[in-house]
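> here is the input, now give the coordinates:
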Amino acid sequence: MANQDDVANKQKAIQSRQDQRDGSMQKAENEEPVQTGIQQPAPPMPEQHLAKPGIEAQMEQKPKFMAEQYKGSGKLAGMTAIVTGADSGIGRAVAVLYAREGADVAVMYLNEHEDAAETKRCIEAEGQRCVTIAGDVKDAEFCKDAVEKVVAEFGRLDILVNNAAFQEHASSLLDITEDRLDETFRTNIYGYFHMARAALPYLKEGSSIINTGSVTGLKGSKKLLDYSATKGAIHAFTMSLAASVIDQGIRVNCVAPGPVWTPLNPADQSPEQIKEFGASTTFKRPAQPEELSPAYVFLASPVCSGYITGVILPITGTVGE
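Coordinates of the predicted model:
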């Protein structure tokens with residue numbers, strides 16, 4: 001039978017060896033951001049602050065959206081999609097991959113005309129048709145007119161991606177005025193309602209709606225009180241609308257990103273803050289838009305996700321979130 005002191009010494013030896021391994025692993029873990037096959041930019045990010053709404057063409061380090069290694073296979077052939085906020089960032093990346101999969105795409109945006117023109121050029125380079133429509137999704141009449149314009153142009157509507165958003169940080173709830181609260185909620189959740197309501201009469205069996213949520217809607221954010229609340233509302237709207245329209249053969253899902261390198265963030269954070277953007281994730285870097293856009297293809301394609309609806313798909317770069 002083992003002596004108690006021998007057992008204790010054995011346990012101490014195991015502990016000592018593990019402590020040494022932990023020290024070397026900790027050092028190795030902290031050295032480099034995680035890459036998973038395709039090399040992506042990592043902090044330090046350019047120390048730049050953009051004026052809202054944020055122009056991608058003005059970014060020192062351009063977001064990666066082309067997904068050069070993604071090969072289309074006709075998953076959305078013959079379909080028509082509307083993507084709001086498609087001038088830049090996630091919306092642009094989604095619009096390009098939808099075109100690569102065979103869809104015609106309507107690019108809706110606020111007033112970032114230069115960015116929208118570049119998105120249109122990329123869509124047409126994929127061999128698909130594109131229309132660009134500038135306006136404010138807070139305006140229900142604009143949303144209705146825009147959808148009607150798309151259907152008149154392309155003859156159908158199969159996919160709606162609600163993606164347009166407004167975000168501005170605040171250190172305290174007391175900083176959020178009524179005007180600011182209205183701007184955030186009317187853009188981020190009223191706009192989603194307006195677009196879905198306008199699109200629904202034209203959607204049919206096999207159609208889908210995909211909303212852009214956020215990790216902040218899952219976990220909250222102490223400096224994004226109003227924005228986080230709208231993203232939580234978007235998640236609930238997704239599940240509720242999915243239940244409402246499933247009998248029509250229409251699916252509704254949501255992607256909840258973590259930190260993504262788009263104009264939205266340099267337009268919200270100081271140059272000092274943006275330098276370490278995404279560094280707190282498991283990957284120790286932000287996502288690029290091209291790392292999210294395939295998920296939007298998956299959720300739009302009846303071939304890929306025909307049995308999936310009401311799902312909030314987290315793509316946060318952090319284990320367990």
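
> and the next element down the chain from the longest helix along the chain?
With residue count as the measure and DSSP state H as the assignment, the chain has helix 4-29 as its longest helix. Moving toward the C-terminus from helix 4-29, the next helix or strand (DSSP states H and E) is strand 80-84.

> which helices and strands sit right next to the helix or strand just after that next one?
Toward the C-terminus, strand 80-84 is succeeded by helix 89-100 as the next helix or strand (DSSP H and E). Under the contact definition 3 or more CB pairs under 8 Å, 6 or more residues apart in numbering; DSSP states H and E, helix 89-100 sits against strand 80-84, strand 104-109, helix 113-125, strand 159-162, helix 293-300. (Glycine included, C-beta is placed from N, CA and C.)

> repeat that for 7 Å
Counting contacts by 3 or more CB pairs under 7 Å, 6 or more residues apart in numbering; DSSP states H and E, the secondary-structure elements packed against helix 89-100 are strand 80-84, strand 104-109, helix 113-125, helix 293-300.

> got the angle between that helix and helix 293-300?
Our comparison of helix 89-100 with helix 293-300, counting by axes from the mean of the first three to the mean of the last three CA atoms, to 10 degrees, yields an angle of 60 degrees.

> which residues are contacting helix 89-100?
For helix 89-100, the external contacting residues (CB atoms under 7 Å, 6 or more residues apart in numbering) are 56, 63, 65-67, 70, 72, 76, 81, 83-86, 105, 107, 119, 122-123, 126, 128, 161, 163, 212, 257, 260, 262-264, 289-290, 292-294, 296-297.

> Ala116 reaches Gly85, doesn't it?
No. Contact between Ala116 and Gly85 fails when scored by CB atoms under 7 Å: they sit 10.2 Å apart.

> low-confidence ranges in the stretch 151-300 of the chain?
Counting by pLDDT under 70, the stretch 151-300 of the chain contains low-confidence ranges at 268.

> and the strands in it?
Assigned by DSSP state E, counting those that start in this stretch, the stretch 151-300 of the chain shows strands spanning 159-162, 208-212, 251-257.

> export those to TSV and tack on distance to Leu225?
As requested, the strands of the stretch 151-300 of the chain are exported to TSV (distance: least, CB to CB, whole Å):
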stretch	distance to Leu225
strand 159-162	21
strand 208-212	19
strand 251-257	18
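
> in a markdown table: those strands, plus distance to Thr309 and mean neighbour count.
Formatted as a markdown table, the strands of the stretch 151-300 of the chain follow (distance: least, CB to CB, whole Å; neighbours: other CB atoms under 10 Å):
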| stretch | distance to Thr309 | mean neighbour count |
| --- | --- | --- |
| strand 159-162 | 14 | 29 |
| strand 208-212 | 8 | 27 |
| strand 251-257 | 4 | 25 |
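
> helices of the stretch 101-250 of the chain, start to end?
Assigned by DSSP state H, counting those that start in this stretch, the stretch 101-250 of the chain shows helices spanning 113-125, 140-154, 178-185, 191-199, 215-219, 225-245.

> CA atoms of the shortest one as CSV?
Output for helix 215-219, consisting of C-alpha atoms alone and laid out as CSV, is shown next (Å, rounded to 0.1, in the frame of the first residue of the first chain):
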residue,chain,number,x,y,z
VAL,A,215,-23.1,38.2,-30.4
THR,A,216,-24.2,41.4,-28.5
GLY,A,217,-27.8,40.1,-28.8
LEU,A,218,-26.7,36.9,-27.1
LYS,A,219,-24.5,38.2,-24.4
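
> distance between stretch 79-90 and the chain's centre?
With CA atoms, centre = their mean, to the nearest Å as the basis, stretch 79-90 stands 11 Å off its chain's centre.

> for that stretch, measure first residue to last.
Distances were taken as CA to CA, to the nearest Å; on that basis the terminal residues of stretch 79-90 are 20 Å apart.

> need the overlap of contacts for Ala116 and Gly85.
With the criterion set as CB under 7 Å, 6+ apart, the overlap between the contacts of Ala116 and Gly85 is Tyr109.

> higher neighbour count, those two?
When neighbours are counted by other CB atoms under 10 Å, Ala116 and Gly85 differ, and Gly85 comes out ahead with 29 against 25.

> give the contact list for the closest residue to the more buried one other than its chain neighbours.
For Gly85, ignoring the flanking residues on the chain, the nearest one in space by CB to CB, 6 or more residues apart in numbering is Ala164 at 3.6 Å. Ala164 sits next to 84-85, 137, 187, 191 when contact means CB under 7 Å, 6+ apart.
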